[in-house]
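A.B. asks: Just need the structure, nothing else, for what follows:
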Amino acid sequence: MRRGWLLLGLACLLGWGGPARAGTVRATLGLEYDDNLFEYRESRRSGWVSRLSLYSGSRLLDRKWGNLQVRHQWGVKRFWSPEEVSGPSGDVVANHLDLGGVLRLWKHLQATCGGELKFKSVQRVSSEESYLRGGLRLGLAGQLGDRLTGGVGYRRSGDEARDPRLVDVSMHEGNANISYARSRRLRASLGMRWRRLNYGRPILGGDEEEDERERRKDQEDVSRELTAGVQLYRGLLIHANYAFIDNSSNSAGYGFSAHRMQLMLTRHLGKGVDGQLFFISQVRSYDEVELAVPAVSGGTQEEYEQTLFSLKLARQFGERYDVSWQYRYSRNGRSAGDDFFRKNVYSLAIDMGI
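C.D. replies: Purely as a prediction, here's the structure:
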């Protein structure tokens, strides 16, 4: 398996057939500090993490009627810990291959298709999982008017867990979107998404009075999502998005509804420095009060909040090098009380063209 991925990566790095096909090869070397106490062992040195990733992309075919391109990314992450680790690869190693194409059916209509294959290997890192993933995506997009565009899509993927204690996951997803461009500075969009996840295990819990065949069905999550977004440029690029999510159950078998707000600001700060601020907040209201954590006092539903804040500064040196610094803060837990999991990550990265 490892030799196969190595040969695949070398093929991508060499341009998949020579200089006649346009290709891109980049490498990113990073250092970060993660204060996630959940990963610490005997020393806080494990909070320091080294990262290395190699990205390559090449256009295999480029014609008036369509194109075909391939992308490959290899990445490794290692914790600075005094503990010995079996194997030279690192604590987390990932290989991701993506093949995508566009077929122009008409002047204002095109079809897209793609496939992916990803393998992730994890050692001694409890918050990440090893898996093998395969996926397929299909889409149709077109111009509906002078300022109106729209599209529909379908995705299918499957995750095979490498850990026998974990379950396999199968996904089906359908989506549709429409976008209105008032000008180059102002754009609005509406979208909807339907997703079904199958966990390949019997339904958790279940009523004893239910039919045996019903209780032995696989655990499935069915979610419906409605989104509305706006993109505005006035000295800085502003992208705001709201989503309402209705999920029949989470992976533990509890249904919930959620409101998600997302905001991204991007601006050139001067002297070659660009800044980006990203914020996302999601609040879930569960249908059941018998959760793993006690229900909110006096409430009829348990609420769970997820928050992520990110600040990134980047500077480009010439055409080949970029240096970036990023701070990320995340929080997960109940909306009321102090039962929160908090995490801070500081990172520094150098990106270079090869």
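
A.B. asks: Strands of the stretch 1-150 of the chain, residue ranges please.
C.D. replies: Along the stretch 1-150 of the chain, counting by DSSP state E, counting those that start in this stretch, strands occupy 23-34, 48-63, 66-79, 92-106, 109-122, 131-143, 148-161.

A.B. asks: would you list every one of the helices in this protein?
C.D. replies: Remark: helices assigned in the chain by DSSP state H are 2-13, 212-215.

A.B. asks: Which of these has the lowest mean pLDDT?
C.D. replies: Lowest mean pLDDT of the helices of the chain: helix 2-13, a mean of 45.

A.B. asks: related to what we said a few turns ago, quick one: which of the strands of the stretch 1-150 of the chain is nearest K271?
C.D. replies: Ranking the strands of the stretch 1-150 of the chain by proximity to K271 (C-beta to C-beta) places strand 23-34 first, at 22.6 Å. Just so you know, the C-beta spots here come from the backbone N, C-alpha and C atoms, and that holds for glycine as well.

A.B. asks: which helices and strands sit right next to that closest one?
C.D. replies: The contact analysis (3 or more C-beta pairs under 8 Å, 6 or more residues apart in numbering; DSSP states H and E) places strand 23-34 against strand 48-63, strand 340-353.

A.B. asks: got the buried residues for it?
C.D. replies: Residues of strand 23-34 classed as buried by neighbour count (16 or more other C-beta atoms under 10 Å): 23, 25-28, 30, 32, 34.

A.B. asks: Could you export stretch 223-237 as CSV, keeping only the C-alpha atoms?
C.D. replies: Provided in CSV are the C-alpha atoms of stretch 223-237 (Å, rounded to 0.1, in the frame of the first residue of the first chain):
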residue,chain,number,x,y,z
SER,A,223,-30.0,15.9,7.5
ARG,A,224,-31.5,18.7,5.5
GLU,A,225,-29.8,22.1,5.2
LEU,A,226,-30.9,25.5,3.9
THR,A,227,-28.3,28.2,3.4
ALA,A,228,-28.3,31.9,2.5
GLY,A,229,-25.2,33.9,1.8
VAL,A,230,-23.9,37.2,0.6
GLN,A,231,-20.5,38.3,-0.7
LEU,A,232,-19.6,42.0,-0.7
TYR,A,233,-16.4,43.9,-1.6
ARG,A,234,-15.9,47.4,-0.2
GLY,A,235,-12.2,47.8,0.5
LEU,A,236,-12.2,44.3,2.0
LEU,A,237,-13.9,41.1,0.9
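
A.B. asks: for it, what is the average pLDDT?
C.D. replies: On average, stretch 223-237 scores 95.

A.B. asks: for stretch 130-147, the distance to its chain's centre please.
C.D. replies: 15 Å (C-alpha atoms, centre = their mean, to the nearest Å).

A.B. asks: correction: stretch 137-148
C.D. replies: 24 Å.

A.B. asks: ok, now stretch 102-117?
C.D. replies: 22 Å.

A.B. asks: Can you give the contact residues for it?
C.D. replies: Defining contact as C-beta atoms under 8 Å, 6 or more residues apart in numbering, one finds that stretch 102-117 is touched by 64-67, 96-101, 133-143, 153, 157.

A.B. asks: Let's see that with 6 Å instead.
C.D. replies: Outside stretch 102-117, the residues that touch it by C-beta atoms under 6 Å, 6 or more residues apart in numbering are 65-67, 97-101, 134-143.

A.B. asks: Now, of these, which are buried?
C.D. replies: 66, 97-98, 100-101, 135, 137, 139-142.

A.B. asks: Mind picking the two most distant members of these?
C.D. replies: Largest pairwise distance in the buried ones among the contacts of stretch 102-117, by C-beta to C-beta, is 28.7 Å, between L97 and G142.

A.B. asks: where does the stretch 251-354 of the chain dip in pLDDT?
C.D. replies: Residues of the stretch 251-354 of the chain meeting the criterion pLDDT under 70: 251-253, 288-302, 334-339.

A.B. asks: Would you map the strands across it?
C.D. replies: 256-270, 273-286, 303-317, 321-334, 340-353.

A.B. asks: can I assume K343 is in contact with R328?
C.D. replies: No - K343 lies out of contact with R328 (C-beta atoms under 6 Å); the separation is 7.9 Å.

A.B. asks: returning to what we had before: comparing the strands of the stretch 1-150 of the chain, which comes out most buried?
C.D. replies: Of all these, strand 66-79 carries the top mean neighbour count, a mean of 19, counting by mean count of other C-beta atoms under 10 Å.

A.B. asks: Just the mean pLDDT for it, thanks.
C.D. replies: 93.

A.B. asks: Within its sheet, name the partner strands of it and how each one runs.
C.D. replies: Its sheet considered, strand 66-79 pairs with strand 48-63 (antiparallel), strand 92-106 (antiparallel) by DSSP bridges.

A.B. asks: will you turn those into TSV that also has distance to R184?
C.D. replies: Shown next, in TSV, are the strands paired with strand 66-79 (distance: least, C-beta to C-beta, whole Å):
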stretch	distance to R184
strand 48-63	26
strand 92-106	23
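
A.B. asks: export these to JSON lines and tack on distance to L117 and mean pLDDT?
C.D. replies: Formatted as JSON lines, those follow (distance: least, C-beta to C-beta, whole Å; pLDDT from 0 to 100):
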{"stretch": "strand 48-63", "distance to L117": "15", "mean pLDDT": "92"}
{"stretch": "strand 92-106", "distance to L117": "5", "mean pLDDT": "95"}
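
A.B. asks: Out of those strands, the one nearest F244 is which?
C.D. replies: strand 92-106 (29.7 Å).
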